[in-house]
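[1] need the 3D shape of this:
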Amino acid sequence: MEGSVPIHVISLFRSGRRDAISKVLVDHGASFRIEEAVDGQALTESQLGAVYDDEAARRRYGRSMTCAEVACFMSHRSVWRAIADTGRAAVVLEDDAILDVEFFDGVLGVNESALSSMADIVLLGRSKLRRSASTWTYFNEPLRGGGATVDGLRIGVPFKQWTSGAVGYWISAQAARQALAFAMGPIGALLDDWPWHRDHCNLRVVELRPYAVWENFEVLPSSIEGERKARTTPRTSLHDAALWPLRLLRSVARWSVVALQWFLSPNDVGRSRHE
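    Purely as a prediction, here's the structure:
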């Protein structure tokens, strides 16, 4: 795919996943590089102490980060450096990504200048989301103002951003340089803490709708997720059921705001303020 957006696939060698995603990309004629991920299990205590700020992590999350989470940030940070050096926007994928047709037909052919004028990072998918549940997710998390269209891709700022994974995202070269400028010290935030990137690095983080990249989490379990769950208290099904009416009311309220925003300023997605 000559002239298409370059792709960086972050892959842990021992995961055994890179052959499958490489075959998919080769079959579609995509230009890509396999980037060696940092192995959290291989980090010594002294290495971890040199790159990790436990006090900052505890202030933000109320817990320490896992070695896998620190290694994940290190891996993506290394790729940002490569993107900044090339001076071109790129797509970053993790090796458990499932790619829709729209990824190849739309995302890889998007006009870099046009997209860069509206966003620094475009999230192409969300962690732990099944395709079958995506319609409900789009309803619960609408884009402010309904979003905007760039080369046929609808992007926008959701009402809420959080640690929603990094299975696939588009990032401009300027954004890579900007992220590096704010993230080269000891790591005290999760890689997929998009509000941190938004507020700390002043990056415009938006989402693609519908998503074009999915995490193959049901077949390929994440080592990060396993360690993360061990340090957090899961919510019970009863708790989730009790919150369901409130979530429905919240979704209706958000769509009311979207309708009002669209009526008053239909092209205001680039200036929408994150919560």
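
[2] how close does the spatially most central residue of the chain sit to Val213?
    For the chain, the residue nearest the mean C-alpha position is Ala166 (3.4 Å; C-alpha atoms, centre = their mean). When distances are taken as C-beta to C-beta, to the nearest Å, Ala166 and Val213 turn out to be 10 Å apart. Using the backbone N, CA and C atoms, a C-beta is placed for each residue, glycine as well.

[3] now do Arg63
    When C-beta to C-beta is the yardstick, Arg63 and Val213 sit 28 Å from each other.

[4] what segments of the stretch 101-250 of the chain are helices?
    In chain order, the stretch 101-250 of the chain shows helices spanning 101-105, 112-116, 134-140, 173-183, 194-200, 223-230, 237-264, with DSSP state H, counting those that start in this stretch as the criterion.

[5] worst mean pLDDT among the ones you listed?
    Lowest mean pLDDT within the helices of the stretch 101-250 of the chain: helix 223-230, at a mean of 58.

[6] pretty sure Ser46 sits in a strand.
    No. The secondary structure assignment for Ser46 gives helix rather than a strand, going by DSSP: H, G, I helix; E, B strand; the rest coil.

[7] next, count neighbours for it.
    7 (other C-beta atoms under 10 Å).

[8] per-residue confidence for it?
    pLDDT recorded at Ser46 is 93.

[9] which residues touch it?
    With contact set as C-beta atoms under 8 Å, 6 or more residues apart in numbering, Ser46 has no partners.

[10] next one: it relative to Glu102, how far apart?
    Applying C-beta to C-beta, one obtains 45 Å for the distance of Ser46 from Glu102.

[11] about what we covered before: give me the distance between the closest residue to the residue nearest to the centre of the chain other than its chain neighbours and Glu55.
    Excluding the flanking residues, the one nearest Ala166 by C-beta to C-beta, 6 or more residues apart in numbering is Asp192, at 4.6 Å. In this view, Asp192 and Glu55 are 21 Å apart by C-beta to C-beta.

[12] ok, the two, which is more surrounded?
    Neighbours were counted for Asp192 and for Glu55 using other C-beta under 10 Å; Asp192 has more, 22 against 11.

[13] mind checking pLDDT for that one?
    96.

[14] one step back: neighbour-wise, which of Arg63 and Val213 wins?
    The residue with more neighbours, out of Arg63 and Val213 and counting by other C-beta under 10 Å, is Val213; that gives 24 against 13.

[15] specify the beta-bridge partners of that one.
    Val213 has the following beta-bridge partners by DSSP bridges: Leu99.

[16] Phe73 contacts Asp193, doesn't it?
    No. Counting by C-beta atoms under 8 Å, Phe73 sits too far from Asp193 to count as a contact (9.4 Å).

[17] state the number of residues packed around Asp199.
    Using other C-beta under 10 Å, Asp199 has 13 neighbouring residues.

[18] do the same with Gly49
    Other residues near Gly49 number 12, with proximity taken as other C-beta under 10 Å.

[19] Tyr211: what's it in contact with?
    The neighbours of Tyr211, taking C-beta under 8 Å, 6+ apart as the test, are 100, 124-126, 129, 134.

[20] if we can go back for a sec, the residue nearest to the centre of the chain against Val92, yeah?
    Yes. Ala166 is within contact range of Val92, at 7.3 Å (criterion: C-beta under 8 Å).

[21] can you work out which residues contact both of these two?
    Overlap of the contact sets of Ala166 and Val92 (by C-beta under 8 Å, 6+ apart) consists of His76.

[22] convert the C-alpha atoms of stretch 20-28 to PDB, please.
    Output for stretch 20-28, consisting of C-alpha atoms alone and laid out as PDB, is shown next (Å, rounded to 0.1, in the frame of the first residue of the first chain):
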ATOM      1  CA  ALA A  20      -0.400 -14.100  12.900                       C
ATOM      2  CA  ILE A  21      -0.600 -10.300  12.800                       C
ATOM      3  CA  SER A  22       2.300 -10.100  10.400                       C
ATOM      4  CA  LYS A  23       0.500 -12.400   8.000                       C
ATOM      5  CA  VAL A  24      -2.600 -10.300   8.000                       C
ATOM      6  CA  LEU A  25      -0.600  -7.100   7.300                       C
ATOM      7  CA  VAL A  26       1.400  -8.800   4.600                       C
ATOM      8  CA  ASP A  27      -1.800 -10.100   2.900                       C
ATOM      9  CA  HIS A  28      -3.100  -6.600   2.800                       C
END
